[in-house]
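Student: how would this look folded up:
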Amino acid sequence: QVQLEESGGGLVQAGDFLRLSCAASGRTFSSYAMGWFRQAPGKEREFVAAITRSGGTTRYTDSVKARFTISRDNAKNTVSLQMNSLKPEDTAVYYCAGRRSPLGTFYVGASDYPYWGQGTQVTVSS
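Tutor: Just a heads-up that it's a prediction; the model follows:
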């Protein structure tokens, strides 16, 4: 089992950047595929980005491609989401999620992940 804790959210202006981090407990972090999701008020939780155990493969939802970058440091048990050129529509609570997985596998569905952090608020003003 892994415990996840996000940090790095805040209030920024359109065009600014933020870097979210997710710290994982335990000694088996490298066994977990990781993902970032977000949920805006009144909307369903949606997929943002995913990364395989090694970090060798990533996947993004179309609306964040070329603006967001997911990465991980297995030695430090962290996964990060670099968010550039932020837009007001990026405003949401951002969650990291994890799942034990085979090598080379990532997941884009919220129901695929059993482990979740508590979320961090990102607000982008226009």
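Student: The residue at minimal distance from the centre of the chain is in what secondary structure piece?
Tutor: By CA atoms, centre = their mean, the chain has its centre lying nearest to W36, at 2.3 Å. W36 is part of strand 32-39, with elements assigned from DSSP states H and E.
Student: Mind checking the pLDDT average for the next helix or strand after that strand?
Tutor: Counting by DSSP H and E, the next helix or strand C-terminal to strand 32-39 is strand 46-51. The pLDDT scores in strand 46-51 average 98.
Student: And the strands in the protein?
Tutor: Counting by DSSP state E, the chain has these strands, from start to end: 4-7, 10-13, 18-24, 32-39, 46-51, 58-60, 68-73, 78-83, 92-100, 115-116, 120-125.
Student: G109: which of those strands is closest?
Tutor: When these are compared by CB to CB, strand 46-51 sits nearest G109, at 7.1 Å. From N, CA and C alone the C-beta is placed, and that goes for glycine too.
Student: Listing partners with orientation, what would you give for the closest one?
Tutor: strand 32-39 (antiparallel), strand 58-60 (antiparallel) (DSSP bridges).
Student: Any chance of those strands in CSV with distance to V48 and mean pLDDT as columns?
Tutor: Output for those, formatted as CSV (distance: least, CB to CB, whole Å; pLDDT from 0 to 100):
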stretch, distance to V48, mean pLDDT
strand 32-39, 4, 98
strand 58-60, 7, 98
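Student: Highest mean neighbour count out of these?
Tutor: strand 32-39 (a mean of 25; mean count of other CB atoms under 10 Å).
Student: which other residues reach the strand holding W36?
Tutor: Residues outside strand 32-39 that contact it (CB atoms under 8 Å, 6 or more residues apart in numbering): 2, 20, 22, 24, 45-53, 70, 72, 79, 81, 90, 92-101, 105-108, 110, 112-113, 115, 119, 122.
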